[in-house]
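1. build me a model:
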Amino acid sequence: PFPNGTVFQKLLQHQGEAPPDPRQFNEELDAESTRIMRKMMAKDPIARYQSCDELIRDLMLLAGGLGLRQLGPSGMVW
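-> The predicted structure is shown next:
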């Protein structure tokens, strides 16, 4: 999430700074996509997704909200 600086500067930013708002890089992102990304990058491990299933659930809800259709019985959307 820290595109500028040397590798050392990026490591320091990762350690000490909050991740930037993803809309800083793409202002067309919707609020739900931004919420998911921020949760994935949370500094506090308790604030992050606790399982892949939680992340997949939120991504599936996001995809449905965006009108993406399911393909096949697995429920995967594209």
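2. pull out the buried residues from stretch 16-35.
-> Residues 19, 22, 29, 33 are the ones in stretch 16-35 that count as buried (16 or more other CB atoms under 10 Å). No exception for glycine: its C-beta is placed from N, CA and C like everyone else's.
3. surely the first one is in contact with residue 1?
-> The reference is to residue 19. Yes - the criterion here is CB atoms under 8 Å, and residue 19 meets it with residue 1 at 4.2 Å.
4. what do those two both touch?
-> Counting by CB atoms under 8 Å, 6 or more residues apart in numbering, the residues touching both residue 19 and residue 1 are residue 41.
5. list the buried ones in the strand or helix carrying residue 13?
-> Element membership of residue 13 [criterion: DSSP states H and E] is helix 7-16. By 16+ other CB under 10 Å, the buried positions in helix 7-16 come out as residue 13.
6. and for that helix, what are the contacting residues?
-> If you take CB under 8 Å, 6+ apart as the criterion, helix 7-16 is touched by 1-2, 5.
7. try 7 Å
-> Helix 7-16 is contacted by residues 2, 5 when judged by CB atoms under 7 Å, 6 or more residues apart in numbering.
8. so residue 68 belongs to a helix, correct?
-> No - secondary structure of residue 68 (DSSP: H, G, I helix; E, B strand; the rest coil): coil, not part of a helix.
9. and it, how far is that from residue 3?
-> Noted for residue 68: a distance of 28 Å to residue 3, by CB to CB, to the nearest Å.
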